[in-house]
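Asks: Below is the sequence, then the predicted model.
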Amino acid sequence: MEQERADSPAAGDTSSTVDKAVRVLEALAHEPDGVSLGELVHLLNTHRAPLYRILRSLEAAHYLRRRPTDRKYELAFGIKRIAQAVPDRFREAFEPRMREVCRAASVTGMLNVMEGAHLVLHHTESPPEAGIRLVADVGYVFDLTSSAAPVVAALSRLPPSPSDSEAVIQCRKDGFAYSSGSIRSGVSGIAVPFTAQGSIGSVSFVRAGQMDDDELEALIPQAIEAIAQVEQASESQR
């Protein structure tokens, strides 16, 4: 896929120091037990002196802390404070309609939003009786080269390109995409594309096992109508 079609900075346009600081935070996010300076040097394949300066800056901003007992670094409360300030307008807009569809069809809903060259899972919704509660963690980044319905649907809202797959072209015609086993083994479902609040993405409705024709016949128009209502509401607020 032509990921450069999305609004994402080229590698040469970014700051190496900021990039390294981001990599530090991501490394710590995956190591809840903490990481030593030496381990970070090895993980990031960098030199100790410049890395130490970055760590000191992040520590001063309260984004990480160094434990006094074992001198290992871990994420600090400043990260949580920043995260809490992120507006959750997509969830607020889509959650009520997603919940209606999920409860009516006993499926799990996934709200996916394009962020630059990535499709990111923002929110999941499941009724108590759903066969599968969690397909992926919030924050999961989809591979844009996959044939999963959430990806195909989101890409269908980008301008047409000669590199578009047949699935993306068909989704533009049908208004939805279907996949089985592409999101996760044993999971099938549909995804409906959307354009709302200046962004594009998809809302997926999935369940464990294979959906039969009767299920799809009931789910598809309900899902398309629900997302269309959110789009209309978003347009009226502009």
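Replies: Arrived safely, thanks for sending. Numbering: from 1, shown residues only.
Asks: could you pull out the helices for this structure?
Replies: Secondary structure of the chain by DSSP state H: the helices cover 16-29, 37-44, 48-60, 77-84, 89-105, 149-155, 166-174, 213-236.
Asks: can you state the direction angle for the fourth one and helix 16-29?
Replies: Counting by axes from the mean of the first three to the mean of the last three C-alpha atoms, to 10 degrees, helix 77-84 lies at 100 degrees to helix 16-29.
Asks: what is the rounded mean pLDDT of helix 77-84?
Replies: For helix 77-84, mean pLDDT rounds to 86.
Asks: what comes into contact with that helix?
Replies: By C-beta atoms under 8 Å, 6 or more residues apart in numbering, the residues outside helix 77-84 that reach it are 25, 61-64. C-betas here are computed from N, CA, C, even on glycine.
Asks: Mind listing what's buried along it?
Replies: Neighbour counts over helix 77-84 (16 or more other C-beta atoms under 10 Å) mark 78-79 as buried.
Asks: Check the offset of it from the chain's centre.
Replies: Centre-to-centre, helix 77-84 and its host chain are 19 Å apart (C-alpha atoms, centre = their mean, to the nearest Å).
Asks: For that helix, list the C-alpha coordinates in CSV.
Replies: Presented in CSV, the C-alpha positions along helix 77-84 are these (Å, rounded to 0.1, in the frame of the first residue of the first chain):
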residue,chain,number,x,y,z
PHE,A,77,2.7,9.9,36.4
GLY,A,78,3.4,12.7,33.9
ILE,A,79,2.6,10.2,31.1
LYS,A,80,-0.8,9.5,32.6
ARG,A,81,-1.5,13.2,33.0
ILE,A,82,-0.8,13.8,29.3
ALA,A,83,-2.9,10.7,28.3
GLN,A,84,-5.9,11.9,30.3
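Asks: Which of the helices of the chain comes out lowest on mean pLDDT?
Replies: Note on those: helix 77-84 shows the lowest mean pLDDT, a mean of 86.
Asks: That one to helix 48-60, inter-axis angle?
Replies: Angle of helix 77-84 versus helix 48-60, following the same axes, to 10 degrees, is 60 degrees.
Asks: Renumber starting at 48 from here on
Replies: With 48 as the first residue, the last one maps to helix 124-131.
Asks: ok, back up a step: tell me which of the helices of the chain is the most buried.
Replies: Of those, the one with the most neighbours on average (mean count of other C-beta atoms under 10 Å) is helix 196-202, at a mean of 29.
Asks: what does that helix contact?
Replies: Residues from elsewhere that reach helix 196-202, judged by C-beta under 8 Å, 6+ apart: 48, 157, 159, 161, 166, 189-191, 211-212, 214-215, 218, 223-226, 229-230, 236-240, 247-249, 251, 253.
Asks: Give me the subset of those residues that lies in strands.
Replies: The members of the contacts of helix 196-202 that map onto strands under DSSP state E are 157, 159, 161, 166, 189, 224-226, 236-240, 247-249, 251, 253.
Asks: circling back: please render the helices of the chain as CSV that adds distance to Glu172 to the earlier fields.
Replies: CSV is the format used below for these (distance: least, C-beta to C-beta, whole Å):
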stretch, distance to Glu172
helix 63-76, 24
helix 84-91, 35
helix 95-107, 34
helix 124-131, 20
helix 136-152, 5
helix 196-202, 14
helix 213-221, 22
helix 260-283, 11
